[in-house]
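Engineer: please work out how this folds:
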Amino acid sequence: MANEKILVVEDDKDIVKLLKYSLEKEGFRVSAAADGETGLYAFGKERPDLVVLDLMLPKLDGFGFCRAVRAESATPIMMLTAKKGEVDRVLGLELGADDYVTKPFSVREVVARIRAILRRAAPAVSGKKAFRAGELEVDLERREVRVRRKTVALSFKEFEFLKCLLEAEGKVLSRDQILELVWGYDRSMDIDTRTVDQHIARLRERLGPEAERVMTIKNVGYRLKAD
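Structural biologist: Residues are numbered from 1 along each chain as shown. Sure thing, here's the model as predicted:
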């Protein structure tokens with residue numbers, strides 16, 4: 001049974017009650033905060049394994065919370081919001097959110113997505129655990145990336161994109177395949193494939209001189225070039 005700690009940052013008491021009951025029933029430890037500032041304090045104090053984050057919050061909104069957390073941590077963040085606009089969704093993902101669920105939502109779906117995110121975040125227990133090509137070094141078990149022996153800070157989702165390309169061992173992955181591998185569910189869950197392009201662009205920025213190893217295969221997808 002799960003034992004991970006979940007922080008719910010949400011000002012709707014009924015939603016907090018519903019999520020807390022459902023997640024604790026699944027074995028998660030759950031704490032909650034009703035505004036962005038309190039949520040940031042709770043995040044720093046409790047260091048949760050995942051954050052469920054409302055977008056429209058008092059004092060500090062979800063975007064501000066996400067930006068502040070991403071400045072220091074790659075902890076997975078699931079945004080939960082009543083806003084359905086594509087711009088809002090894209091902005092949330094660009095700021096480092098790992099998933100995006102709109103209200104009203106299915107509790108079962110939220111729990112399934114949380115499990116998928118945490119499963120992907122778990123340390124590797126089998127298979128190849130390290131990769132090196134040129135000046136790029138990746139330790140899958142420790143979730144560490146280095147370029148020219150300097151540590152590169154990747155968000156949770158950026159690391160997942162790199163990991164799935166590594167595990168493809170040079171094969172080309174389509175955008176749909178990457179979405180399924182990284183998010184842990186199929187394309188019926190309505191995530192735009194352009195999200196892949198945005199994450200790949202940020203991953204390349206992080207890799208700097210090794211960015212060209214993440215190759216675009218026109219009209220197909222992406223692959224990682226080894227030596």
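Engineer: I'd assumed residue 81 was in contact with residue 105.
Structural biologist: No: if you go by C-beta atoms under 8 Å, residue 105 and residue 81 don't touch, sitting 9.7 Å apart. All C-beta atoms are positioned from the backbone trio N, CA, C, and that covers glycine.
Engineer: give me the neighbour count for the closest residue to residue 117 other than its chain neighbours.
Structural biologist: Counting by C-beta to C-beta, 6 or more residues apart in numbering, residue 117 lies nearest to residue 76, which is 4.8 Å off, once chain neighbours are set aside. Counted by other C-beta atoms under 10 Å, the residues lying close to residue 76 total 25.
Engineer: cool, residue 204 as well?
Structural biologist: Number of residues near residue 204 (other C-beta under 10 Å) recorded here: 16.
Engineer: for it, which non-adjacent residue is closest in space?
Structural biologist: With C-beta to C-beta, 6+ apart as the criterion, residue 204 has its nearest non-adjacent residue at 3.9 Å, and that residue is residue 211.
Engineer: ok, now residue 208?
Structural biologist: residue 147 (5.8 Å).
Engineer: and the gap between the one you found and residue 24?
Structural biologist: For residue 147, the distance to residue 24 (C-beta to C-beta, to the nearest Å) stands at 41 Å.
Engineer: more neighbours: which of the two?
Structural biologist: The neighbour count for residue 147 versus residue 24, taken as other C-beta under 10 Å, is higher for residue 147 (18 against 13).
Engineer: tell me the contacts of the more buried one?
Structural biologist: Residues in contact with residue 147 (C-beta atoms under 8 Å, 6 or more residues apart in numbering) are 135, 136, 137, 207, 208, 209, 210.
Engineer: list the beta-bridge partners for it.
Structural biologist: residue 136, residue 150 (DSSP bridges).
Engineer: how close does it get to residue 29?
Structural biologist: 36 Å.
Engineer: ditto for residue 116
Structural biologist: Distance from residue 116 to residue 29, by C-beta to C-beta: 19 Å.
Engineer: circling back to that earlier point, so what does the residue nearest to residue 204 have for phi and psi?
Structural biologist: For residue 211, the backbone dihedrals (degrees, to the nearest 10) come out as phi -60, psi -30.
Engineer: ok, how many other residues are close to it?
Structural biologist: 15.
Engineer: quick check, pLDDT for residue 1.
Structural biologist: Looking at residue 1, its pLDDT is 45.
Engineer: ok, residue 224 next?
Structural biologist: Looking at residue 224, its pLDDT reads 90.
Engineer: nearest residue to it other than its sequence neighbours?
Structural biologist: In this structure, residue 224 finds its nearest non-sequential neighbour in residue 165, 4.0 Å apart by C-beta to C-beta, 6+ apart.
Engineer: test my guess that the one you found contacts residue 173.
Structural biologist: Yes: Residue 165 is within contact range of residue 173, at 6.7 Å (criterion: C-beta under 8 Å).
Engineer: compare those two (neighbour count), which wins?
Structural biologist: Higher neighbour count among residue 165 and residue 173: residue 165, with 26 against 23, using other C-beta under 10 Å.
Engineer: near residue 149, how many other residues are there?
Structural biologist: The tally of other residues near residue 149 (other C-beta under 10 Å) stands at 7.
Engineer: phi first, then psi, for it.
Structural biologist: According to degrees, to the nearest 10, residue 149 has phi 70, psi 10.
Engineer: same deal with residue 223?
Structural biologist: The phi/psi pair for residue 223 (degrees, to the nearest 10) is phi -150, psi 160.
Engineer: what does residue 100 give?
Structural biologist: The phi/psi pair for residue 100 (degrees, to the nearest 10) reads phi -150, psi 110.
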